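1. I'll drop the sequence and a predicted model, then ask my questions.
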Amino acid sequence: MRPALLFQYLLPHRLLSRLVLWGTRWPYRPWKDFLINRIVRTYAVDLEEAENPDPAAWPHFNAFFTRALKPGARPLPADPAAIACPADGRISQAGAISDGRILQAKGHDFSVAELFADAEAARPYADGQFLTVYLSPRDYHRVHMPLAGELVETLHVPGRLFSVAAFAVAGVPRLFARNERLVCHFRGERGPFAVALVGAMLVSGIETVWGGVEVPPYGRGIRRRDWRGQGIRLERGAEMGRFNMGSTAIVLLPAGVGRFDAGLVPEQAVRVGEAIGHAVAS
């Protein structure tokens, strides 16, 4: 096993993430300015599209990292049946769910039932479609709705916090089904769909627009929250949540709800709002 992969198993995931949680919210100006400027230079972050392009204006590093964009910076497709990309980043994998299993990387897959921690909820997705988007440190870190839908249920599933960088995805079996995650189930016009927000090494939190901070605390057991009847409906392209540090979003569609474009390939750069597929006519 490569040393980098071995360290993934040995490192204290949650302790490191708690330290990052503290460090990315420390308002000490020399510290937060150093972190922000380092990321901007290293990853060539485009601040001109940010709602506030001044790198010194944010009160701490996490405020910069979860920055809002200028209105209109991520327009939606004109076609109302188009599926909108949920996040800026790069495609990890996309395509068909085969007999309930999702491709992670060459030689690795995992089941929808494992990802959901719920075999019954996974059944409609057995022959559906999936899209996995990796958000790097340079990316915009808010996640948006691929389709319009009403929130039905969320599950906070405890787990590890392996890195979701390419080397770890290629080397750690069932990584996305092992990491801490928040699975969000929606009911759309054409049927159900789900968006899984997957945590990672040094990722200090997941937030949603309806529930606020969801992670941390890191889970000791599955936390299921029923949102039926509470009128939480989000339109296509609306913000649904954000990562406090980078990670991965996975969109899942049952058969008959929609299809992702066949031309989507690993490492392809994508942006919020881009048309990445089409919903099936109702």
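-> That came through fine.
2. where do the strands sit along the stretch 101-250 of the chain?
-> Here the stretch 101-250 of the chain has its strands, by DSSP state E, counting those that start in this stretch, at 101-105, 108-111, 129-134, 142-144, 149-157, 181-188, 191-198, 206-208, 212-215, 223-226, 233-234, 239-243, 248-253.
3. got CSV for the ones you listed, with mean neighbour count too?
-> No exception for glycine: its C-beta is placed from N, CA and C like everyone else's. Shown next, in CSV, are these (neighbours: other CB atoms under 10 Å):
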stretch, mean neighbour count
strand 101-105, 20
strand 108-111, 18
strand 129-134, 24
strand 142-144, 25
strand 149-157, 21
strand 181-188, 22
strand 191-198, 24
strand 206-208, 21
strand 212-215, 16
strand 223-226, 13
strand 233-234, 16
strand 239-243, 22
strand 248-253, 25
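4. so can I have a markdown table of those strands showing mean pLDDT and distance to Ala78?
-> Output for the strands of the stretch 101-250 of the chain, formatted as a markdown table (pLDDT from 0 to 100; distance: least, CB to CB, whole Å):
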| stretch | mean pLDDT | distance to Ala78 |
| --- | --- | --- |
| strand 101-105 | 96 | 30 |
| strand 108-111 | 96 | 35 |
| strand 129-134 | 97 | 21 |
| strand 142-144 | 97 | 17 |
| strand 149-157 | 97 | 20 |
| strand 181-188 | 97 | 19 |
| strand 191-198 | 97 | 21 |
| strand 206-208 | 95 | 28 |
| strand 212-215 | 92 | 33 |
| strand 223-226 | 96 | 35 |
| strand 233-234 | 98 | 20 |
| strand 239-243 | 96 | 20 |
| strand 248-253 | 97 | 21 |
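5. Next, count neighbours for Gly229.
-> By other CB atoms under 10 Å, the residues close to Gly229 number 8.
6. measure it to Glu120 for me?
-> 20 Å (CB to CB, to the nearest Å).
7. hmm, back to that, turn the strands of the stretch 101-250 of the chain into a markdown table, including distance to Leu15.
-> Listed next are the strands of the stretch 101-250 of the chain as a markdown table, based on distance: least, CB to CB, whole Å:
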| stretch | distance to Leu15 |
| --- | --- |
| strand 101-105 | 26 |
| strand 108-111 | 26 |
| strand 129-134 | 24 |
| strand 142-144 | 26 |
| strand 149-157 | 20 |
| strand 181-188 | 19 |
| strand 191-198 | 20 |
| strand 206-208 | 18 |
| strand 212-215 | 15 |
| strand 223-226 | 21 |
| strand 233-234 | 34 |
| strand 239-243 | 19 |
| strand 248-253 | 21 |
